[in-house]
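In: whatever this is, show me its structure:
(2 chains)
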Amino acid sequence: MIYLDNAATTKTAPEVVEAMLPYFTEHFGNASSIYALGSASKKAVNAARRTIAESIGAKMEEIYFTAGGSESDNWALKAVAEAYEGKGRHIITSKIEHHAVLHTCEYLQKNGFEVTYLDVDETGLISVEALKAAIRPDTILISIMFANNEIGTIEPIAEIGAIAKKHGILFHTDAVQAFGQLPIDVEELHIDLLSASAHKLNGPKGIGFLYVRNGLKLRSFIHGGAQERSKRAGTENVPAIVGFGKAVERAMLMMEEKTQKELKLRDYLMKHLEEEVPYAFVNGHRKNRLPNNVNISFRFIEGESLLIMLDMKGICASSGSACTSGSLDPSHVLLAIGLKHEEAHGSLRLTLSEENTMEEMDVVVEEVKEIVDKLRAMSPLYEDFVKKQGKQ
Amino acid sequence: MYTEKVMDHFQNPRNMGEIENPAGVGTVGNAKCGDIMRMYLDIDDAGIIQDVKFKTFGCGAAVATSSMATELVKGKRVEEAMQVTNKAVMEALDGLPPAKVHCSLLAEEAIHAALWDYAQKHHLVIEGLKEPKKDIHEDEEEEEAD
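Out: Numbering: from 1, shown residues only, chains lettered A, B, ... in the order given. Predicted coordinates for the structure are as follows:
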C-alpha cells in the first residue's frame, strides 16, 4: 500500500502508542483524584501540556485540551463572539477555511453576527490589503487558517497577526494542517488563539488543543467539573493527551529532516505528474505550500473514479470532487481559487509523509497516467474536446 | 460502499465507446454536478436496438449505471427500452448508496435522450417519451435559466 493521504490522518507512531499504553492499564487513575494513582495521571497530563506549550512558544496554562481540531475551531469562534459581543459583532475570515470554521461562522451569522469572507487569489493566498480594508470599528475577530488542508497554501500569518495586533482585534488561526509541519511561535506571529489536532502529526485521534492567550476573556465551552481551568469540563482523556505530547515531541525533533525529505518528494511528484500527464495543472501556491501537499487537477475526468481506481492499485489519496464530499458541489477551496466545476471534480490530493519513497512516487506517476488515460477514453467531455481540437 | 456488481461494472464497463453515425445519441447531466452521460444507439428498421455504447464523466456509480443501462436495453425493442427505469438499473446492480441514486436517474434519462434523438430523426412518436432536458456544459453556464 502507498499511503498518500496524510492530510486526512496519519499513522500513529509506534513510540506514541507505547507511551499511551500504560495510561490504559496501570496508570488508569482520574487526574482529579487525590491519591497517588490520580496524581500520576495529572503529572502526565501536565507534562504533555508543557511539551505542547513550549512547541509553540506559549505558556502551559494557555493550552486547553479538546477532542480535536473541529472542537477547537468551534470553541475559539463561539467563545470570542460571546465574550466580545459588547465590543462588536463583526468577524473576518476567508472563503477557504475548513468547514469547522465556515459552518461555525454561518451559525454565528444566524445569531446576529456579521462575517466577512475574504477572497483568495488563484494560488489560495488572502490579500493583506483586502484584510485591512475589511476591518471595521466593530470587528472583534480575524480567523485565517495557517495552511490550507486541500491545496497546502500557507497564508501570510505574520502579517495578519501584526495587522490584528495594531487594530486591537483578536487573531485566531486554524493550524490543524500546519502544526508539527511548520515552526510556529505565537508570540512572534501575534496569534491569540490557535487550533490543532494530534492525529495529523502521528498522534492519536480524538484529541486536540486550543491555545488561548492569557488575559483573554474566555467562556466555558463545556460546563461541569473544574478540568481545563473550568473552561472545558470532563475527565481528561489521559492516554490521548500523553500520546499527543509524545507526538509533538517527536514532530518537533524531526521537523527539519522530515521537511527536507518531503519537499524533495513533493516537488518531484508535482513536476512529473504535471509534465507526464497532458491537460493537468497544479492547484495552490508553488512555493508557499506545505512540504507534504500535492494537489493537481486532470481535465475531463472525475475524482471519485480516479480514487477508486487508485485504491485498486493500493494507493490511498483524496479528491475535491463532489462525489467524495457527499454534496453536489465540489470543493469550496478549489472553486475559490477560480477552478471551473469540471476542473475541481477532476482534482487529486496527495499528501506525503517522511516514510514515502522516490520509488513510490514513480509508481504513483505511472498508475495515475494509466488511470487518467482510461478514464479519458470513457469521458464524453474528452471526446468533445478532441473533436473540437480536430476541427481547428 | 458499492456492491460487487457496481464495482464489476465500474472496473469492466460493458459497451463503452462510440457508434459512428448512430440512429440516436443523447447526452445528459452537467459538469457542474460532476456527471455527464452520453448514449449512442444503433436501431434497425424493425425498431430493435442492435447496438448501444456509452461514455460517462462521473463517479463509480455513474459509470456502473451507464454500463448496466446499456446491457438492459441492448437487443430490446424501442418500446421495451422505454421500460428500463432507474429502479430497474438500480436493482440490476444490487442497489446504490442513497447519495448515488441520482446516477441511476441519469442513466434512464440518457437512454431517453438517445431515443428522443432517434425519434426526431425518423419522425416517430414513442409513447411516454418526453423531450429531454438540455445538457449543460460549463462553458454554456450563462445560458442556464437559474
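In: for the closest residue to chain B within the stretch 101-250 of chain A, give me its contacts.
Out: Across the stretch 101-250 of chain A, no residue is closer to chain B than residue A:150, which sits at 16.4 Å (C-beta to the nearest C-beta). (Glycine included, C-beta is placed from N, CA and C.) Going by C-beta atoms under 8 Å, 6 or more residues apart in numbering or on different chains, residue A:150 touches A:7, A:96, A:283, A:284, A:295, A:320, A:331, A:333, A:334, A:349.
In: for chain B, what lies in contact range of chain A?
Out: B:10-11, B:13, B:16, B:18, B:27, B:31-38, B:55-63, B:99, B:137-138 (C-beta under 8 Å from any C-beta of the partner chain).
In: drop anything exposed from those residues.
Out: Using 16 or more other C-beta atoms under 10 Å in any protein chain shown as the burial test, the residues of chain B next to chain A include B:10, B:13, B:16, B:27, B:31-38, B:55-63, B:137 as buried.
In: among those residues, name the ones in strands.
Out: Counting by DSSP state E, the part of those found in strands is B:27, B:35, B:36, B:37, B:38, B:55, B:56, B:57.
In: buried residues, the top helix by length along chain B. List them.
Out: If you go by DSSP state H, chain B has its longest helix at helix B:101-121. Residues of helix B:101-121 classed as buried by neighbour count (16+ other C-beta under 10 Å): B:101-119.
In: try stretch A:227-247
Out: So, applying 16+ other C-beta under 10 Å, buried residues of stretch A:227-247: A:227-228, A:231-232, A:236-247.
In: between the ones in strands among the buried ones among the residues of chain B next to chain A, which sits nearest residue A:21?
Out: residue B:35 (47.5 Å; C-beta to C-beta).
In: run through the bridge partners of that closest one.
Out: Applying DSSP bridges to residue B:35 gives these bridge partners: residue B:30.
In: so it versus residue B:102, what's the distance?
Out: Using C-beta to C-beta, to the nearest Å, one obtains 8 Å as the distance from residue B:35 to residue B:102.
In: where's the closest residue to residue B:87 other than its chain neighbours relative to chain A, distance?
Out: Closest residue to residue B:87 apart from its sequence neighbours, by C-beta to C-beta, 6 or more residues apart in numbering or on different chains: residue B:104 at 7.6 Å. Residue B:104 is 14 Å from chain A, where distance means C-beta to the nearest C-beta, to the nearest Å.
In: pretty sure residue B:104 is touching residue B:91, no?
Out: No: under the criterion of C-beta atoms under 8 Å, residue B:104 makes no contact with residue B:91, lying 9.4 Å away.
In: what comes up buried for the longest helix seen in chain A?
Out: Ranked by residue count and defined by DSSP H, the top helix of chain A is helix A:238-276. The neighbour-count check on helix A:238-276 (16+ other C-beta under 10 Å) flags A:238-252, A:255, A:258-259, A:261-262, A:265-266, A:269-270, A:272-273 as buried.
In: now do the same for residue B:40: helix, strand or coil?
Out: The assignment at residue B:40 comes out as strand when based on DSSP: H, G, I helix; E, B strand; the rest coil.
In: near it, how many other residues are there?
Out: Applying other C-beta atoms under 10 Å in any protein chain shown, we find 23 other residues in the vicinity of residue B:40.
In: swap in residue A:38?
Out: Neighbour count for residue A:38, taken as other C-beta under 10 Å: 16.
In: which element, helix or strand, includes it?
Out: Secondary structure from DSSP states H and E places residue A:38 in helix A:36-55.
In: contacts for that helix, please.
Out: A:23, A:27-33, A:59-60, A:62-63, A:65, A:184, A:209, A:211, A:236, A:238, A:241-242, A:244-246, A:248-249, A:251-252.
In: just the CA trace of it, in PDB.
Out: Taking Å, rounded to 0.1, in the frame of the first residue of the first chain, the C-alpha atoms of helix A:36-55 are listed here in PDB:
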ATOM      1  CA  ALA A  36      -1.100   8.800  44.100                       C
ATOM      2  CA  LEU A  37      -2.700   6.900  41.200                       C
ATOM      3  CA  GLY A  38      -4.600  10.000  40.300                       C
ATOM      4  CA  SER A  39      -1.600  12.300  40.600                       C
ATOM      5  CA  ALA A  40       0.400  10.100  38.300                       C
ATOM      6  CA  SER A  41      -2.200  10.900  35.600                       C
ATOM      7  CA  LYS A  42      -2.200  14.600  36.500                       C
ATOM      8  CA  LYS A  43       1.600  14.700  36.200                       C
ATOM      9  CA  ALA A  44       1.400  13.000  32.800                       C
ATOM     10  CA  VAL A  45      -1.200  15.400  31.500                       C
ATOM     11  CA  ASN A  46       0.800  18.400  32.700                       C
ATOM     12  CA  ALA A  47       4.000  17.100  31.100                       C
ATOM     13  CA  ALA A  48       2.200  16.800  27.800                       C
ATOM     14  CA  ARG A  49       0.700  20.300  28.300                       C
ATOM     15  CA  ARG A  50       4.200  21.700  28.900                       C
ATOM     16  CA  THR A  51       5.700  20.000  25.800                       C
ATOM     17  CA  ILE A  52       2.900  21.300  23.600                       C
ATOM     18  CA  ALA A  53       3.000  24.800  25.100                       C
ATOM     19  CA  GLU A  54       6.800  25.000  24.500                       C
ATOM     20  CA  SER A  55       6.400  23.800  20.900                       C
END
